[in-house]
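> need a structure here:
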Amino acid sequence: PRPDSKKQLDTVIGFIKKADSIVHAGDPDPEGCLLIDEILDHVGNKKPVQRLLIADLNDKPVKAALVNMQPNEKFRPQTNKALARSVADQSFGYNLTRSYTLKAREKGFDNVLNIGRVISSLVGMVNQRTLANQNHEKSHYYELYGTFDIEGLKVKGKLQPHDEIELDDKNRMIDRFQLEVIKDADKGEKGTVEKREVKEEKRQPPMPFNLSKLQITASKKWGYKPKETLDIVQKLYETHQLLTYPRSDNQYLSEAHLENAANILSAIQKTSPNLAASIQSV
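The predicted structure is shown next:
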């Protein structure tokens, strides 16, 4: 047991000893299975254990989960999966940290050089991006647009590069003065539409946000830190009932969410009356 969590662990173990049966209510994923099972294994538990799977904290799905608990043994493969990942991470870190540290000392680096399966990959990506930014050379290119009157309609067109225009290696126009000459020479001139193509395209609506995509979008648009975004959506979920359960990696809505859609739409309508007409047409 870790010193900083031993007191809490002792409390949990005390309840395990007093109990006749146990409900495993860890998160419904491999890590959640391992977190509780390793405590049960630590105390050598022999009492019956039921697995409670809750992915949505609304009343209805919680009640449904309570009446559909299953024997915990059924989920041991999930625990083993998380344990295998943990052992692999540990083996990877122990061996490569030692190897890289010794190699680094040959180059005069005196500290421990920590290597991890995940963190090293992330640091590598950050480093690649940093080097790319540092070595980036600014280059200017230009685009020329014109507005054309076609049978009373205003149509905006873009000049397509051709061989007589100076281009860079990405086929972009880079001579501003050349384009200024083209612009002045062609002003007011007549042209001919040689070809017209009409296409009908269909595009699926975007998927709902999961937490990570919402945090990325909020950071880009408003500069929010991940914790700020989480606090906001948690309040919108718990206090105002405007969202489904926000701590999810899944972008698909479950049937439980669908059943709760009417309540959420009603809450949205009360909060933003300007959306009432759109909501009523759903």
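> and the strands in the protein?
Remark: strands assigned in the chain by DSSP state E are 22-24, 49-51, 70-71, 145-150, 153-158.
> compare these and give me the one nearest Gln241.
strand 22-24 (27.1 Å; CB to CB). No exception for glycine: its C-beta is placed from N, CA and C like everyone else's.
> check which helices and strands that closest one sits against.
With contacts taken as 3 or more CB pairs under 8 Å, 6 or more residues apart in numbering; DSSP states H and E, strand 22-24 sits against helix 30-42, strand 49-51.
> out of the ones you listed, nearest to Asp110?
Here helix 30-42 is closest among the helices and strands packed on strand 22-24 (CB to CB), at 35.5 Å.
> who does the closest one touch, helix- and strand-wise?
Partner elements for helix 30-42 (3+ CB pairs under 8 Å, 6+ apart): helix 6-18, strand 22-24, helix 76-106.
> mind running it again at 7 Å?
Packing partners of helix 30-42 (3 or more CB pairs under 7 Å, 6 or more residues apart in numbering; DSSP states H and E): helix 76-106.
> so for the helix it packs on, mean pLDDT?
In this model, helix 76-106 has a mean pLDDT of 94.
> can you check stretch 155-167 too?
87.
> re earlier: got the helices and strands packed on strand 22-24 as a markdown table, with distance to Pro208 columns?
Compiled in a markdown table, the helices and strands packed on strand 22-24 are given as follows (distance: least, CB to CB, whole Å):
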| stretch | distance to Pro208 |
| --- | --- |
| helix 30-42 | 23 |
| strand 49-51 | 28 |
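> mind checking which of those is nearest Thr239?
Per CB to CB, nearest to Thr239 of the helices and strands packed on strand 22-24: helix 30-42, 25.8 Å.
> so what touches the closest one?
Residues outside helix 30-42 that contact it (CB atoms under 7 Å, 6 or more residues apart in numbering): Val12, His24, Gly26, Val49, Phe75, Gln78, Thr79, Lys81, Ala82, Leu83.
> could you check how far the fifth one is from Asp249?
The spacing between Phe75 and Asp249, counted by CB to CB, to the nearest Å, is 19 Å.
> quick one, which of the two is more surrounded?
Legend: neighbour count by other CB atoms under 10 Å for Phe75 and Asp249, higher for Phe75 (21 against 9).
> ok, the more buried one touching Val49?
No: counting by CB atoms under 7 Å, Phe75 stays clear of Val49, with 9.7 Å between them.
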